[in-house]
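> Structure for the following, please:
(one chain, ligands or ions: 1)
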Amino acid sequence: MAAERERTVAVVGATGAVGEVLFRVLEERGFPAGEVRALASERSVGRRVRFAGRELEVREAVPEAFDGVDFAFFAATGSLSKDLAPEVARRGGVAIDKSSTWRLDHEVPLVVPEVNPAALEKHRGIVSCPNCTTIGFVMALEPLHRAAGVRSVVVTTLQAVSGAGKPGVEELEAQVEGLARGEAPEPATFAAPIAYNAVPLCEKFLDNGYSSEELKLLNETRKIMEMPELDVAMTCVRVPVPVGHSATMLVETERGLTPEAAREALAAFPGVEVVDDPGRDVFPTPMQVEGRDEVLVGRIRRDLGSDRLWLWQVSDNLRKGAATNAVQIAEEMIRRGLK
Ligand SMILES: NC(=O)c1ccc[n+]([C@@H]2O[C@H](COP(=O)([O-])OP(=O)(O)OC[C@H]3O[C@@H](n4cnc5c(N)ncnc54)[C@H](OP(=O)(O)O)[C@@H]3O)[C@@H](O)[C@H]2O)c1
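Numbering: from 1, shown residues only. The predicted model follows:
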């Protein structure tokens with residue numbers, strides 16, 4: 001990025017799983033941050049977090065904390081975003097929100113910068129960052145859509161415990177240690193034991209039998225890709241993986257698309273890397289994507305019973321699925337002269 005005026009930045013949820021990674025990503029990418037404010041709940045006031053070799057004292061996230069802020073990254077709770085994101089906008093700053101609160105609001109852009117950056121032009125002080133599962137999904141789908149028009153997708157996700165924040169990671173670790181001592185696992189964050197298990201429920205069930213996470217994947221994808229009728233059939237599963245969401249996807253396109261052409265389209269798309277060599281047992285895994293910003297795609301093959309294509313996609317839910325995408329949004333806004 002060219003030399004830039006320094007921006008005043010706030011990280012809300014500075015003590016959380018995404019907040020920690022946000023500080024790291026801002027530093028790694030050389031974001032033009034001048035003053036940086038670390039905000040969290042009253043519980044964390046006075047704690048210290050590290051950013052770019054400095055120690056920041058955590059302050060409480062209250063409206064006045066956003067005076068003079070250019071970008072406020074929200075990685076806390078939905079209700080906090082609901083209350084405080086408008087306070088940022090009112091003060092002339094931009095709130096970039098990781099919660100689901102604003103994602104389907106017609107006046108709020110929902111953005112993956114590689115896919116729909118132009119949506120930022122219509123912002124009114126709040127920009128929403130999609131769900132961690134949706135981001136990897138649309139990053140793999142958009143190149144295929146541009147190449148051959150996507151008609152429908154069947155997707156099953158395998159989602160890491162860190163998608164439920166620090167409590168999710170701590171629950172997996174505690175259950176693994178408890179099982180080694182012969183203790184029965186006690187689910188709290190997840191609906192069933194997560195250690196050595198797979199749980200076909202992320203978040204909570206709705207009246208229609210789908211989970212809230214599944215509907216986020218459907219509705220957010222339709223909004224980002226501007227395809228309100230897109231046919232997505234989805235199941236979201238929590239698995240005992242610390243970091244890295246995976247998804248197996250069966251994609252139907254309008255025009256014929258060979259696995260070779262799909263591989264080319266995916267490899268040419270910014271932020272996507274093809275990792276696919278079945279002859280040498282090469283495919284992407286969550287362990288391999290942890291700490292990386294690229295969405296990795298492999299297992300690209302034609303369905304045996306139709307013209308559809310199978311693929312397997314993994315991304316780091318805390319980086320591209322959250323922090324990196326949020327920082328990229330701010331960078332894109334600066335590039336477009338929007339802030
Ligand atoms: N984890 C992921 O992969 C992921 C991906 C995409 C989006 N998200 C979203 O990002 C947000 C943060 O998730 P996370 O995984 O980082 O959760 P987390 O590890 O549980 O951290 C939550 C953070 O929110 C803060 N917080 C909670 N209540 C607050 C309040 N009333 N006022 C101010 N701060 C408050 C906490 O501060 P204290 O320490 O003071 O309690 C903590 O810093 C959520 O909206 C989540 O849905 C997460």
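> residue in the stretch 151-300 of the chain nearest to the ligand?
Going by Cβ to the nearest ligand atom, the ligand is nearest to Gly165 of the stretch 151-300 of the chain, at 2.7 Å. No exception for glycine: its C-beta is placed from N, CA and C like everyone else's.
> Work out the gap between stretch 151-170 and the centre of the chain.
Centroid separation between stretch 151-170 and its chain, computed with Cα atoms, centre = their mean, to the nearest Å, is 10 Å.
> Check which residues of that stretch are buried.
153-155, 157-166, 168-169 (16 or more other Cβ atoms under 10 Å).
> Repeat that for stretch 71-86.
So, applying 16+ other Cβ under 10 Å, buried residues of stretch 71-86: 71-77, 80-81, 84-86.
> got the residue ranges for the strands in the stretch 201-339 of the chain?
231-238, 245-253, 272-274, 295-302, 309-315 (DSSP state E, counting those that start in this stretch).
> Tabulate the ones you listed in CSV, adding columns for mean neighbour count and distance to the ligand.
Formatted as CSV, the strands of the stretch 201-339 of the chain follow (neighbours: other Cβ atoms under 10 Å; distance: least, Cβ to the nearest ligand atom, whole Å):
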stretch, mean neighbour count, distance to the ligand
strand 231-238, 20, 12
strand 245-253, 22, 8
strand 272-274, 19, 19
strand 295-302, 21, 14
strand 309-315, 25, 10
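> Let's have these in a markdown table, adding mean pLDDT.
Below are the strands of the stretch 201-339 of the chain laid out as a markdown table (pLDDT from 0 to 100):
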| stretch | mean pLDDT |
| --- | --- |
| strand 231-238 | 98 |
| strand 245-253 | 98 |
| strand 272-274 | 98 |
| strand 295-302 | 98 |
| strand 309-315 | 98 |
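> Select, out of those, the one closest to Gly136.
Gly136 sits nearest to strand 309-315 of all the strands of the stretch 201-339 of the chain, at 3.6 Å, using Cβ to Cβ.
> Quick one: list the elements packing against the closest one.
helix 132-148, strand 245-253, helix 259-268, helix 286-289, strand 295-302 (3 or more Cβ pairs under 8 Å, 6 or more residues apart in numbering; DSSP states H and E).
> possible to save those as JSON lines with distance to Ala323?
JSON lines is the format used below for the helices and strands packed on strand 309-315 (distance: least, Cβ to Cβ, whole Å):
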{"stretch": "helix 132-148", "distance to Ala323": "10"}
{"stretch": "strand 245-253", "distance to Ala323": "14"}
{"stretch": "helix 259-268", "distance to Ala323": "23"}
{"stretch": "helix 286-289", "distance to Ala323": "14"}
{"stretch": "strand 295-302", "distance to Ala323": "15"}
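> among those, which is nearest Val12?
Between the helices and strands packed on strand 309-315, helix 132-148 lies closest to Val12; by Cβ to Cβ that is 17.4 Å.
> what does the next helix or strand after the closest one contact?
Using DSSP states H and E, the helix or strand that follows helix 132-148 in sequence is strand 150-159. By Cβ atoms under 8 Å, 6 or more residues apart in numbering, the surrounding residues in contact with strand 150-159 are 132-133, 137, 141, 144, 198, 202, 213, 217, 225, 227, 230-239, 241, 245-254, 286, 317.
> mind redoing it with 6 Å?
If you take Cβ atoms under 6 Å, 6 or more residues apart in numbering as the criterion, strand 150-159 is touched by 133, 141, 144, 202, 231-239, 245-254.
> same question, stretch 44-64
Residues outside stretch 44-64 that contact it (Cβ under 6 Å, 6+ apart) are 12, 14-15, 23, 27, 36, 38-40, 42, 65, 87.
> and the end-to-end length of that stretch?
Using Cα to Cα, to the nearest Å, one end of stretch 44-64 lies 17 Å from the other.
> buried ones in it?
Result for stretch 44-64 [16+ other Cβ under 10 Å]: buried residues 44, 49, 51, 56, 58-59, 61.
> For the stretch 51-200 of the chain, what lies in contact range of the ligand?
Among all residues of the stretch 51-200 of the chain, those adjacent to the ligand (criterion: Cβ under 6 Å from any ligand atom) are 61, 75-78, 80, 98-99, 132, 162-163, 165-167.
> Secondary structure added to the residues you listed, as TSV?
TSV is the format used below for those (DSSP: H, G, I helix; E, B strand; the rest coil):
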residue	secondary structure
Ala61	coil
Ala75	coil
Ala76	coil
Thr77	coil
Gly78	helix
Leu80	helix
Lys98	coil
Ser99	coil
Cys132	helix
Ser162	helix
Gly163	helix
Gly165	helix
Lys166	helix
Pro167	helix
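> hmm, back to that, spatially, which pair of the buried residues of stretch 71-86 is furthest apart? Let me know, please.
The most widely separated members of the buried residues of stretch 71-86 are Phe71 and Thr77, with 19.2 Å between them, by Cβ to Cβ.
> now Val69, nearest residue through space, not along the chain?
Leaving aside its sequence neighbours, Val69 sits nearest to Gly93 (Cβ to Cβ, 6 or more residues apart in numbering; 4.4 Å).
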